[in-house]
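S.K.: sequence and predicted structure are below.
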Amino acid sequence: MDTSFLLFAANNPIQYSDSAFDLKSFQIIILEDVINELIGISKDKGITRSRDALNALTYTRTLLHQKVDKNGNTDAKILLHAHKIDGIIASLDRDLLLQANKNGIDTVSIKKGMLIWKVTHAK
């Protein structure tokens, strides 16, 4: 999961998905870079944005955290790790979702409060 997806998911109810998959049935991994981004946002002067980040950090406490020892930005690390473990990227970031698709990585996003799955690549 990237920062945008976590911020939304932790602060908004997600309705059912018409997919056969259920987000809770997956092992969810959060990169430490995403945690660090959320910590930075939690210190933001904007009260709503700061509160949303704190809620997202609370949400991640029960999830597996993973460190990726590569240089680069968070999105590049998410793509690298997802490719390495044959994972699915959860994001609201259009550029990240497009890059995942180009690299044969499945994705899940949210549109109008519902999960949108793009699971098209043979695993």
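M.R.: Cool, got the structure.
S.K.: any buried residues in the helix or strand of the chain with the lowest mean pLDDT, and which?
M.R.: The least trusted helix or strand in the chain, going by mean pLDDT, DSSP states H and E, turns out to be strand 114-118, with a mean of 79. For strand 114-118, the neighbour count (16 or more other CB atoms under 10 Å) marks Leu115, Trp117, Lys118 as buried. Quick note: C-beta positions are derived from backbone N, CA and C, even for glycine.
S.K.: need the strands for the chain, in chain order.
M.R.: Listed in chain order, the strands of the chain (DSSP state E) span residues 29-31, 64-66, 88-90, 106-111, 114-118.
S.K.: columns distance to Ala10 on top of the ones you listed, output as a markdown table?
M.R.: A markdown table is the format used below for those (distance: least, CB to CB, whole Å):
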| stretch | distance to Ala10 |
| --- | --- |
| strand 29-31 | 11 |
| strand 64-66 | 15 |
| strand 88-90 | 12 |
| strand 106-111 | 12 |
| strand 114-118 | 15 |
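S.K.: how about those strands, which one is nearest Ala56?
M.R.: strand 29-31 (9.6 Å; CB to CB).
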